[in-house]
Structures are given as C-alpha cells and as structure tokens.
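1. need coordinates for the below:
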Amino acid sequence: MTAAPYRLEASGLHFRRGQRLVIDNVDIRLNAGEIAAVLGENGAGKSTLFRILLGFLQPVAGEVRLEGRPLRSFSRRDVARRIAYVPQMHVAPFPYTVRDVILMGLLPATGITRGPNAAESRTAEAVLEQLRIEHLAMRPYTEISGGERQLALIGRALAQQAGVLVMDEPMSGLDYGYQVRLSAHFIRLVREGRTILFSTHSPDHAMRISTRIIVLHKGAIVADGAPADIVTPALFQALYGVAVSTATDDKGRIALIPDIDGHCPPGR
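-> Alright, predicted model coming up:
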C-alpha cells in the first residue's frame, strides 16, 4: 500500500534575482492537519518562498507538488480551489466593499460570469460573522484601516474553503483581540484537516499555535521541527543577534524572555 501524497511539498528549490541566490535548496513537506510557522529575519526569503509554492514565481531548479502532482500540471483556477493565499500587502484597484472582497474567494469555484447565489452569499455572511467584521460589510475596502483590510483578505481566503491556507504575516496590523480569535480559528481549521503555512515575525505567536516551526535564514532552511525543539536561545542569537532566555509554564508552553537590558545604551 502506497503512502498518501503530501498535501503540499517542494524539493530542491532554488531561486535567483540576478546574481543573488534568494532561495537555496529548500525542501518542505506538509500534511493535512499541520500548522507550520516560518520564522526568519527580514530578507530571509519567506515571501519569495511562498510565491514559488503558489506558482506565482518559477524556481530555477526544483519542483513544487500539490496533492502528489506537479503544481505546473494544474490550471490557475484548480490551484486556487486547493490553495488560498493571504498576501502581506494588497492594494485594491477599485473600491470594492468588504463583502465583495470576501465573495472573491468563491470565484475559483463559481467563475466570473454570474453573481453569487444564495448559498454563496450565506458563505460570505458566515465569514463576516466568524471574523466579527459584519459592521465593515458595506464599507469600501479602500477606505478602511490596514488591519481591517488584512481581515478582509483573511476572510476572502476563508471563503475559498481550500484545503491549504498560505498566509504571509497574517496578523500584521491586527489588534490583540483579533490575533487571539484568529489564532483559535486557525487551530480549529487544522483540527478539521486543513493545512496552514504562515510566516510571522513573532516567535511567541509561532509557538502558541503551530505544530511545527520552519526557520529560514538567507534563503535556506536551517531548522525544522516541533516548537519545543526549535526554540532555543542559541537559535535566536544566531538568527536575530539578540539574547533571549526561555521559560515554561505549568501547561508546557514556552515563552521567550528577551534580554532588553543587555541591549540598552550605557546609562539608560
């Protein structure tokens, strides 16, 4: 009996911009029910890696496979049925309402030749309710705050109902309440069998919700494993050049404690 294919995988990825190697021999394999966080300093290649996994960029070497098949064998519409994407930044060319932005997540299934039917409208309303942004439904996307736009993009991805959710810094610009509620929602999704891959600059957030942490440094994966095995003071000193210690609470959760005093100028 052959093993089930990975839901999303990449092997031997290389990508260059001019003479600079941006992605260096990256291998990733993700199964259903995983939530993997990608950590890395600015410029580590996180956004580029995500765009390769989505098929927006073509590597100079290596291959991406989706459900056991080469990604290039899928049409763009078929990819969108299987992978939903939350970009780091997005500027709408037209003042769509927030509800319309969320309805765009249904386009891979419905096409663009007709308006939403009753069931699709209910899906959009359910997403608005899940994210607690019903009050934004008829607001123009171009006239709301950056954090609210981020919620609309997350809503669009959730409406897509894809098996894989790829998110580039999804919590950027969100207040603490939304971060907590979304974290809980993402955990529910992976328990239902979805796969989530997201990047973050918050190691604490990665440890709080991920089943796995992948560390990208100068385009290469330097660590990949369970959060408790990955999060060490030595890693953060090497990666970010800062000293940290760790503490574990009575539920086994790890917290990072940065040595802020050690980085203050003398006399302060």
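2. quick one: mean pLDDT for stretch 249-264?
-> Across stretch 249-264, the average pLDDT comes to 73.
3. go on, stretch 35-52?
-> 94.
4. check which residues of it are buried.
-> By neighbour count with 16 or more other Cβ atoms under 10 Å, stretch 35-52 contains the buried residues 35-40, 44-52. All C-beta atoms are positioned from the backbone trio N, CA, C, and that covers glycine.
5. please identify which helix or strand holds the closest residue to Glu9 other than its chain neighbours.
-> In this structure, Glu9 finds its nearest non-sequential neighbour in Arg29, 4.3 Å apart by Cβ to Cβ, 6 or more residues apart in numbering. Assigned by DSSP states H and E, Arg29 belongs to strand 20-30.
6. each with direction, which strands does the helix or strand that that strand is followed by pair with?
-> Later in the chain than strand 20-30, the nearest helix or strand by DSSP H and E is strand 35-39. Take DSSP bridges as the rule and strand 35-39 pairs in its sheet with strand 195-199 (parallel), strand 212-217 (parallel).
7. reformat those strands as TSV; add mean neighbour count, mean pLDDT and distance to Val231.
-> Converted to TSV, these look like this (neighbours: other Cβ atoms under 10 Å; pLDDT from 0 to 100; distance: least, Cβ to Cβ, whole Å):
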stretch	mean neighbour count	mean pLDDT	distance to Val231
strand 195-199	23	96	16
strand 212-217	22	95	7
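8. could I get those as CSV with distance to Gly155?
-> Shown next, in CSV, are those (distance: least, Cβ to Cβ, whole Å):
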stretch, distance to Gly155
strand 195-199, 15
strand 212-217, 25
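9. buried residues in the element among helices and strands of the chain having the smallest mean pLDDT, which are they?
-> One helix or strand of the chain scores below all others by mean pLDDT, DSSP states H and E: helix 107-110, with a mean of 77. Across helix 107-110, burial judged by 16+ other Cβ under 10 Å covers 107-108.
10. okay, now the residue nearest to Glu9: neighbour count?
-> Arg29 has 15 neighbours, counted by other Cβ atoms under 10 Å.
11. on that earlier part again, list the strands paired with the strand holding Arg29, with their directions.
-> With DSSP bridges as the test, strand 20-30 is paired with strand 8-17 (antiparallel).
12. put the alpha carbons of the partner strand into CSV.
-> Output in CSV follows, covering the C-alpha atoms of strand 8-17 (Å, rounded to 0.1, in the frame of the first residue of the first chain):
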residue,chain,number,x,y,z
LEU,A,8,1.9,20.4,-0.4
GLU,A,9,5.6,19.8,-0.9
ALA,A,10,8.7,21.3,-2.5
SER,A,11,12.0,19.7,-3.2
GLY,A,12,15.4,21.2,-4.2
LEU,A,13,14.0,24.7,-4.7
HIS,A,14,16.5,27.4,-6.0
PHE,A,15,15.5,30.9,-7.0
ARG,A,16,17.7,33.8,-8.1
ARG,A,17,17.3,37.5,-8.6
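13. kind regards, and thank you for your time.
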